[in-house]
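> Following is a predicted model, sequence given first.
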Amino acid sequence: MADMKTVGVIGGLGPLATLDFFERVLRRTRAVREQDHLRVILDNNPKIPDRNAYARGDGPSPGPALAACAKGLEVAGANVIVMACNTTHAWEGEIRAAISVPFLSIITETVDAVAELRPEAVGVLAVDACLSANLYQDALKRAGLRCVLLNADSQRTFMELIYRIKSGDSGETVKRSMATLARKLEAQGAEVIIAGCTEIPIVLTADDIEGELVSSTDVLVERTIVFAGGELKG
């Protein structure tokens, strides 16, 4: 493991999801001693402009701040950059332009993982700005998979739940409500559900639905560990 890469994490989007990502990296890494873990440089920056506000026309673009974070992580010694947020991948181009090290896309890695399951229809739980940027819709289309989304009323409920999770509420009411939304996508024919927001795995597990749940957080965690030269727990 001497040749392991240093991982730079653009975080704070939001902070609880970043904490969840980092904890999952630790728990999924096979480590007999602490030196077997990855070196991780984490920029927990909740001051990055709100991407949903930008999508509504209510705030500045987060692109410059994301690019600056990525560059700062590279300067600090990161050999690969990841981002514990789905929506901000709408600015992936600006991030890649600012760095000379690899960037692992949570969107690409998650859709690749879904495609391995060979479903016909895939439900996507994601915030408004992620959907308006067509991040998962376009990636699934390229993979030849049909995308299933919530209706407008259910999407509004989903957004309310996400902001409750961001505020620290991961109680039973939020968990039950998120599971209900996931099952609505299943009722529309989705065989696989993508948890396309890094707050979702905090309250939703595979046991909450009938079909397959693919957590974008877990996919990025596993791909990051492998790419950086660590070992996954069995």
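Cool, the structure landed.
> Break the chain down into its structural domains.
Domain assignment for the chain, taken from automatic domain parsing, gives 7-105+219-227, 107-216.
> so what's residue 13 up against?
The contact partners of residue 13, taken as Cβ atoms under 8 Å, 6 or more residues apart in numbering, are 45-46, 48, 51, 83-85, 87-88, 198. Heads up, the C-betas are built off the backbone N, CA and C, glycines and all.
> Which members of the residues you listed are positioned in strands?
Residues of those located in strands (DSSP state E): residue 83.
> just the contacts of residue 13 now: which is nearest residue 209?
Nearest to residue 209 out of the contacts of residue 13 is residue 198 (Cβ to Cβ; 18.1 Å).
> Next, the contact list for the closest one, please.
13, 17-18, 20-21, 84-86, 216-217.
> returning to that earlier point: let me have the domains of the chain in TSV, extended by distance to residue 234.
Output for the domains of the chain, formatted as TSV (distance: least, Cβ to Cβ, whole Å):
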stretch	distance to residue 234
domain 7-105+219-227	8
domain 107-216	18
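> and the ones you listed as CSV, adding mean pLDDT?
Shown next, in CSV, are these (pLDDT from 0 to 100):
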stretch, mean pLDDT
domain 7-105+219-227, 96
domain 107-216, 97
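> What ranges does this structure have for its helices?
15-28, 51-56, 63-76, 92-98, 106-115, 128-132, 135-142, 152-166, 172-187, 216-227 (DSSP state H).
> Residue 127 reaches residue 87, doesn't it?
Yes: if you go by Cβ atoms under 8 Å, residue 127 and residue 87 touch, sitting 5.6 Å apart.
> quick one: residue 85 from residue 112, how far?
Residue 85 sits 18 Å away from residue 112 when distances are taken as Cβ to Cβ, to the nearest Å.
> between these two, which one's more packed in?
The residue with more neighbours, out of residue 85 and residue 112, is residue 85; 28 against 14, by other Cβ atoms under 10 Å.
> So residue 22 is in contact with residue 40, correct?
Yes: taking Cβ under 8 Å as the definition, residue 22 is a contact partner of residue 40 at 6.7 Å.
> which neighbours do those two share?
Common neighbours of residue 22 and residue 40 (Cβ under 8 Å, 6+ apart) are residue 9.
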